[in-house]
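[1] next comes the sequence, and after it the predicted model I'd like to discuss.
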Amino acid sequence: MGRLGVPYLTALAELGHEVLGLDINPETLEALQDGRCPFDEPGITDYIAKHTAAGRLRFTDSYDEAAAHGDVFFLAVPTPQREGAMTMDLSAVEDAIGALACRLTRPAVLIGKSSLPVGESVRLAALAADQAPNGVQLRVGWSPDFLREALSMETTLHPARLVLGASDADRAVVESTARRVWAGWL
């Protein structure tokens with residue numbers, strides 16, 4: 001989840017959604033399950049504690065549990081600079097898509113939040129479709145983040161803009177899903 005995922009999932013809980021966050025880092029997971037933010041970000045721990053106590057915000061390291069829980073999945077994993085290259089390392093994005101998509105049992109929407117080079121979202125949507133079981137419709141859209149460090153909850157709950165991209169085939173489904181999920185923002 002990290003610096004991008006934690007504010008988004010916490011804001012979704014603040015807007016009234018039942019949210020399950022997935023993280024594979026044991027220290028991060030332990031902090032979140034204890035109602036604490038695993039990094040220094042003003043005000044976010046209060047939101048995490050409030051919504052974990054209310055049962056609206058839970059955390060897991062299980063892709064099986066996450067796939068069974070959700071219909072809309074936000075993918076927020078690191079995309080660091082690839083060492084020795086002028087591009088990003090997308091291996092964490094590819095791994096997360098592969099681990100989630102193969103476990104889906106019903107139609108779902110995946111909204112990527114991680115930064116990507118131009119054109120990569122098309123390749124990653126194809127990867128997700130290839131990994132999903134036969135008969136499971138998986139729509140993929142991408143919505144880049146505009147969070148400001150030390151103001152992540154403020155910029156998540158009150159964004160200056162929302163940008164959402166999807167293929168023509170997926171556009172209507174992804175946009176209607178975004179309207180329902182982001183109803184408190186729009």
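    Happy to help now that I have it. Numbers count the residues shown, from 1 in each chain.
[2] who does the helix or strand where Thr156 lies touch, helix- and strand-wise?
    Applying DSSP states H and E as the criterion places Thr156 in helix 152-157. Under the contact definition 3 or more Cβ pairs under 8 Å, 6 or more residues apart in numbering; DSSP states H and E, helix 152-157 sits against helix 2-14, helix 44-54. To be clear about C-beta, it is placed using only N, CA and C from the backbone, and glycine gets the same treatment.
[3] what residues of that helix count as buried?
    For helix 152-157, burial by neighbour count (16 or more other Cβ atoms under 10 Å) applies to 152-153, 155-156.
[4] and what about the residue most central in space within the chain, helix, strand or coil?
    Among the residues of the chain, the one closest to the centroid is Phe74, at 2.3 Å (Cα atoms, centre = their mean). Three-state assignment for Phe74 (DSSP: H, G, I helix; E, B strand; the rest coil): strand.
[5] from His17, how far out is it?
    Phe74 sits at a distance of 11 Å from His17 (criterion: Cβ to Cβ, to the nearest Å).
[6] show the pLDDT at the residue of the chain most remote from its centre.
    Taking Cα atoms, centre = their mean, the residue of the chain most remote from its mean C-alpha position is Gly84, at 27.9 Å. For Gly84, the pLDDT comes out at 91.
[7] ok, now the one 10 residues further on?
    According to the predicted model, the pLDDT of Glu94 comes to 96.
[8] next one: Ala76
    With respect to pLDDT, Ala76 scores 92.
[9] what's near enough to touch it?
    1-2, 4-5, 8, 113-114, 145 (Cβ atoms under 8 Å, 6 or more residues apart in numbering).
[10] how about 7 Å then?
    Residues in contact with Ala76 (Cβ atoms under 7 Å, 6 or more residues apart in numbering) are 1-2, 4-5, 8, 113-114.
[11] specify the beta-bridge partners of Val72.
    According to DSSP bridges, the partner residues bridging Val72 are Val109.
[12] right, and it touches Val109 too?
    Yes - checked against Cβ atoms under 7 Å, the pair Val72 and Val109 is within contact range at 4.9 Å.
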